[in-house]
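1. Got a predicted structure plus its sequence, pasted below:
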Amino acid sequence: MRPLEDQVILITGATDGLGKALAAELAATGATLLVHGRDDRRGEETINDIGTRAPSSSLHWYRANFASLQEVRDLANDIINEHDRLDLLVNNAGVGSTLPGDGTRLESTDGIELRFAVNYLATFLLTRLLEPLLVKSAPARVVNVSSAGQASIDFDDVMLERAYGGQRAYAQSKLAQIMFTFDLAEDLAGTGVTANCLHPATFMPTKIVLAARGGATSTLEEGVRATMRLLTDPGLDTVTGRYYNGLREARAMDQAYDVDARRRLCRLSEELTALAPS
């Protein structure tokens, strides 16, 4: 990997919680940071806050609401048009089990169950669209911020129209993200681009956690440390297709290792995003 100060790094969901803390950590290295969020005001506040702490940093703001697949496409196009390389992609954006909706089933702009759309499908689409830029920039890394809270996918009711629960919707979307990571690693084998995912830390003090639980048991610093390791550790240059719980490699739910289930998820994702098969 190139020195961090020479890298271009995209972090989605970077205006709060782990994403913002990670952006601040990386800004201090002198890297070029592409900061994503869905609210311009919060984006400006984030850029100003990080810029004050790291005045020599290079920060670029990108707004996109991941509840809209078109906005995900627009984000990818903007990055491709404005940057000739992308060394690190951190897919961190997401919504929790309670907010928004307070446990009520919601749908995205495209009529897709909201948590599946934002937490998983946006990650799938954005990464696939940025894949050529990542390969061109190799060595490069993709890190998907997932969760230990996982639930298997019922392919007869992926949108949870029959049996909805906020926690199940969240957990299903996170397992889908892990399944995608494993497929992505296989697809990118030999390109110099690695793909890994992690549960950064348990119940960090983020809006998602505080809304669902009212308290935290881990710190943001713990989550940042685990994520930074996957992004920067030279010992992981060729490690790909792995799931980590914090700093340790771990095993995800069994469905993540079911090749047929992953193929079904991939086909569904391509249909929902109108992407050609990879």
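-> Now that the structure is in, tell me what you want to look at.
2. going forward, measure contacts and count neighbours with C-alpha atoms only.
-> Noted.
3. what's the helix or strand for residue 36?
-> strand 32-37 (DSSP states H and E).
4. Report the secondary structure state of the residue lying closest to residue 73 once chain neighbours are set aside.
-> What sits nearest to residue 73 in space, not counting adjacent residues and going by Cα to Cα, 6 or more residues apart in numbering, is residue 126, at 6.9 Å. Secondary structure, DSSP: H, G, I helix; E, B strand; the rest coil: residue 126 is helix.
5. And the next helix or strand past the strand holding residue 36?
-> According to DSSP H and E, the helix or strand after strand 32-37 is helix 40-53.
6. Could you export that following helix as CSV, CA atoms only?
-> Extracted in CSV, the C-alpha atoms of helix 40-53 (Å, rounded to 0.1, in the frame of the first residue of the first chain):
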residue,chain,number,x,y,z
ASP,A,40,-25.3,19.2,3.8
ARG,A,41,-25.4,21.1,7.1
ARG,A,42,-24.0,18.2,9.0
GLY,A,43,-21.5,17.7,6.2
GLU,A,44,-20.3,21.3,6.5
GLU,A,45,-20.0,20.9,10.3
THR,A,46,-18.0,17.7,9.9
ILE,A,47,-15.6,19.2,7.4
ASN,A,48,-15.1,22.3,9.5
ASP,A,49,-14.6,20.2,12.7
ILE,A,50,-12.1,17.8,11.2
GLY,A,51,-10.4,20.6,9.2
THR,A,52,-9.8,22.6,12.4
ARG,A,53,-8.2,19.6,14.1
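7. Just the buried residues of it, please?
-> Neighbour counts over helix 40-53 (16 or more other Cα atoms under 10 Å) mark 43, 46-47, 50-51 as buried.
8. now do stretch 172-185
-> Across stretch 172-185, burial judged by 16+ other Cα under 10 Å covers 172-185.
9. Using CSV, write out every CA atom in it.
-> Backbone C-alpha positions of stretch 172-185 (Å, rounded to 0.1, in the frame of the first residue of the first chain) are rendered in CSV as follows:
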residue,chain,number,x,y,z
GLN,A,172,-30.6,-9.4,7.9
SER,A,173,-29.0,-6.4,6.1
LYS,A,174,-25.8,-6.8,8.0
LEU,A,175,-25.5,-10.5,7.1
ALA,A,176,-26.2,-9.6,3.5
GLN,A,177,-23.3,-7.2,3.7
ILE,A,178,-21.0,-9.9,4.9
MET,A,179,-22.2,-12.3,2.2
PHE,A,180,-21.4,-9.6,-0.4
THR,A,181,-18.0,-9.1,1.1
PHE,A,182,-17.1,-12.7,0.6
ASP,A,183,-18.3,-12.7,-3.0
LEU,A,184,-16.5,-9.4,-3.7
ALA,A,185,-13.2,-10.9,-2.4
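10. ok so, going back, remind me what the strand holding residue 36 packs against, helices and strands.
-> strand 8-11, helix 17-27, helix 40-53, strand 58-63 (3 or more Cα pairs under 8 Å, 6 or more residues apart in numbering; DSSP states H and E).
11. Quickly run through the sheet partners of the first one, with directions.
-> Using DSSP bridges, the strands paired with strand 8-11 are strand 32-37 (parallel), strand 88-91 (parallel).
12. Output it as PDB - backbone C-alpha positions only.
-> The C-alpha coordinates for strand 8-11 follow below in PDB (Å, rounded to 0.1, in the frame of the first residue of the first chain):
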ATOM      1  CA  VAL A   8      -7.600   8.800  -1.600                       C
ATOM      2  CA  ILE A   9     -10.100   7.400   0.900                       C
ATOM      3  CA  LEU A  10     -13.900   7.400   0.700                       C
ATOM      4  CA  ILE A  11     -15.800   6.900   4.000                       C
END
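13. please begin residue numbering at 562 from this point
-> Sure thing, new numbering starts at 562, so read that last one as strand 569-572.
14. roughly how far is it from the heart of the chain?
-> 12 Å (Cα atoms, centre = their mean, to the nearest Å).
15. Could you list the residues in contact with it?
-> Here strand 569-572 makes contact (Cα atoms under 8 Å, 6 or more residues apart in numbering) with 580, 584, 592-597, 646-653.
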